[in-house]
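>>> need a structure here:
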Amino acid sequence: MTKLMKIIYLDQNQWIKLAKDWYGVDSNPEIYNLILKIKEKVKSGEIRIVLSQINIDEARNRREDKSREELISFMLDISQGYTISPYADHIRKLELEACFGKRVGMNVRDIKKILFMKGLVGFFGKIASIKGDFSEEIKNKMLLELESPESMRKVLFAVGSRDPNPNNEFYTQLAERLEKIRKIERAGGNNDMVEMKILFRFVSDFIIPELAEFTLKYKVEPNKVWQFSKNINENRKKALELLKEIPALYCYFCLYNGRDKQLHRKIQKNDLNDIFAFAIAIPYCDIIVGEKMFTSIAKAYKLDELYKTKILTTVEELKDLI
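Below you'll find the model as predicted:
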């Protein structure tokens, strides 16, 4: 019987740890042998380690040209150009549409075909298409070129020297705004009343508007939708049950909420990247190796049990799972 391929996501600090040993910056025989095993398993099709746009953005932010280019080359070699989309609005909409669609008997889209792709376009969760008056043969060749790790390498290196994050200031300001909101929302601490208010606000912000849009788009009977929205807006248990059916959105809620409960710790701008990456990786990958704080939050909410995902904190733990 053929074993199912395991999909693995690595946090950026794990990629760096592996690359340092591969290029001899560090010398840990255990890590080096693990890399050889990973390469063997990737080649045989037993595992696939996927890259996120967040991984690449963080790699391109390295100051030294040699370090940056070696890290990106290593990541492309191990991933073979396979990608996972970070959490984004269009992914949330697809998940919600799938959730609502099942309730009215619709054939729903396989979200994994959008989440897991190959090549540069995969970073954005978009399916590539070639426009213009070309033969199908030429179009297919162009699409294959878009998917190749070598094309990804050329594009990523063509930028030249260090590529500062253009959104750095935006994320800094956003973290500051989120900190102010948290102080207001959690002025009463982390009691049940506060938690309930935060849950219902989340549902009102992220689900109810999409439900209204879905109703109009597919001409669903309004009375059914009204009762449904009333239930999830007033019943905490029903709201949580629904959220769990929308995997990335529920993981986003848990990671965001778990981070916000840590009132002694100021919100960091890098928290946003971790939440966007893990919200997708936890429910849709088989194994993730992540940053300690967010893996702890995920386990506290039992996301690993809910979505049958192995959540690790060190890359060394991979050796017994691949």
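>>> The nearest residue to N190 once chain neighbours are set aside: neighbouring residues, count only.
In this structure, N190 finds its nearest non-sequential neighbour in K261, 5.2 Å apart by CB to CB, 6 or more residues apart in numbering. The C-beta positions use only the backbone N, C-alpha and C, and glycine is treated the same way. Neighbour count for K261, taken as other CB atoms under 10 Å: 17.
>>> And for the one 5 residues further on?
Other residues within reach of K266 by the criterion other CB under 10 Å amount to 11.
>>> how close does the closest residue to it other than its chain neighbours get to K197?
Sequence neighbours aside, E179 is the residue nearest to K266 in space, at 6.2 Å (criterion: CB to CB, 6+ apart). For E179, the distance to K197 equals 18 Å [CB to CB, to the nearest Å].
>>> hang on, the earlier thing: is the residue nearest to K266 in a helix, a strand, or coil?
Recorded secondary structure, E179: helix (DSSP: H, G, I helix; E, B strand; the rest coil).
>>> ok, how many other residues are close to it?
By the measure other CB under 10 Å, the count of residues near E179 is 13.
>>> What segments of the stretch 1-150 of the chain are strands?
6-10, 47-52, 82-84, 116-118 (DSSP state E, counting those that start in this stretch).
>>> Export those strands as TSV, with columns for mean neighbour count and mean pLDDT.
Converted to TSV, the strands of the stretch 1-150 of the chain look like this (neighbours: other CB atoms under 10 Å; pLDDT from 0 to 100):
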stretch	mean neighbour count	mean pLDDT
strand 6-10	24	97
strand 47-52	24	96
strand 82-84	24	94
strand 116-118	21	91
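>>> L318: which of those is closest?
strand 6-10 (7.4 Å; CB to CB).
>>> What is that closest one packed up against?
Under the contact definition 3 or more CB pairs under 8 Å, 6 or more residues apart in numbering; DSSP states H and E, strand 6-10 sits against strand 47-52, helix 269-284, strand 287-289.
>>> ok, residues contacting that strand?
18, 46-50, 52, 55, 84, 116, 277, 281, 284-290, 315, 318, 321-322 (CB atoms under 8 Å, 6 or more residues apart in numbering).
>>> next one: stretch 278-285
With CB under 8 Å, 6+ apart as the test, stretch 278-285 has contacts from 7-9, 50, 52, 84-87, 91, 111-112, 115-116, 247-252, 255, 288, 290, 294, 298, 303-304, 306-307, 309, 311.
>>> Please read off the pLDDT at the residue nearest to S73 when sequence neighbours are not counted from the model.
Residue nearest to S73 in three dimensions, not counting chain neighbours: R153, with 6.6 Å by CB to CB, 6+ apart. Model confidence at R153, given as pLDDT, is 82.
>>> List only buried entries from the contacts of stretch 278-285.
Taking 16 or more other CB atoms under 10 Å as the criterion, what is buried in those is 7-9, 50, 52, 84-87, 91, 111, 115-116, 247-252, 255, 288, 290, 294, 298, 303-304, 306-307, 309, 311.
>>> is it true that I287 touches T309?
Yes - under the criterion of CB atoms under 8 Å, I287 makes contact with T309 at 7.0 Å.
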